[in-house]
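Chemist: Fold the following.
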Amino acid sequence: MSANDPVSHDDPKRQFVSFAFVGVAGLVVDISVLHVTQMLGMDRYSGRVCSYLAAATTTWALNRRFTFKGRRSRNAFAEWARFLGANAVGGVLNYGTYAALVTWSSVVATYPSIGVAAGSIAGMMANFTLSRRLVFHKRNSDAA
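Modeler: Numbering: from 1, shown residues only. As a prediction, the model looks like this:
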């Protein structure tokens with residue numbers, strides 16, 4: 001840590017704040033892709049699978065670039081696969097919350113973006129912890 005850098009890039013608090021901002025970008029992608037899939041005739045459940053994958057890929061790329069910059073792997077594809085695998089726990093919480101809300105709440109069924117946001121919040125803590133410990137771990141040096 002230098003005098004010009006009062007907060008270490010490896011600081012968990014800084015990483016969490018960055019992870020949350022990246023999550024907002026992922027939420028925008030998630031909601032946008034969900035709307036597009038519904039306009040194309042997909043139901044709200046299968047459309048959500050597509051939107052989740054698009055958002056997860058977006059958040060992996062942004063977290064790799066900004067949140068965990070010094071911890072990223074040389075093998076981007078393997079890292080992306082680990083990210084999706086590690087974040088499956090948060091993904092299950094995310095999708096389960098969404099599915100329950102669009103199924104049992106007429107308001108959320110009408111406005112599925114509410115369910116997407118609620119699901120994102122439900123999965124965020126698990127995703128941050130697993131990403132930091134399993135995907136973007138210190139001295140991540142996979143073969144290229």
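Chemist: what about this structure, any weak spots by pLDDT?
Modeler: 1-9, 138-144 (pLDDT under 70).
Chemist: And the helices in it, which stretches?
Modeler: For the chain, the helices defined by DSSP state H occupy 12-39, 46-62, 76-86, 88-104, 106-110, 112-130.
Chemist: Which one of these lies nearest to residue 137?
Modeler: helix 76-86 (9.7 Å; Cβ to Cβ). From N, CA and C alone the C-beta is placed, and that goes for glycine too.
Chemist: Need the contact partners of that closest one.
Modeler: 56-57, 60, 63-64, 72-73, 91, 127, 130-131, 134-136, 140, 142 (Cβ atoms under 8 Å, 6 or more residues apart in numbering).
Chemist: Name the nearest residue to residue 120, ignoring sequence neighbours.
Modeler: Leaving aside its chain neighbours, residue 120 sits nearest to residue 27 (5.2 Å; criterion: Cβ to Cβ, 6 or more residues apart in numbering).
Chemist: same check, this time on residue 113
Modeler: Nearest non-adjacent residue to residue 113, counting by Cβ to Cβ, 6+ apart: residue 31, 4.8 Å away.
Chemist: picking up where we left off before, with respect to residue 68, which of the helices of the chain lies nearest?
Modeler: Smallest distance to residue 68 across the helices of the chain (Cβ to Cβ): 6.8 Å, for helix 12-39.
Chemist: what's the angle from that closest one to helix 46-62?
Modeler: Put simply, helix 12-39 runs at 150 degrees to helix 46-62, going by axes from the mean of the first three to the mean of the last three Cα atoms, to 10 degrees.
Chemist: From the contact counts, what lies against helix 12-39?
Modeler: Contacts defined by 3 or more Cβ pairs under 8 Å, 6 or more residues apart in numbering; DSSP states H and E place helix 12-39 against helix 46-62, helix 112-130.
Chemist: Any idea how far the longest one is from the middle of the chain?
Modeler: In this case it means helix 112-130. 8 Å (Cα atoms, centre = their mean, to the nearest Å).
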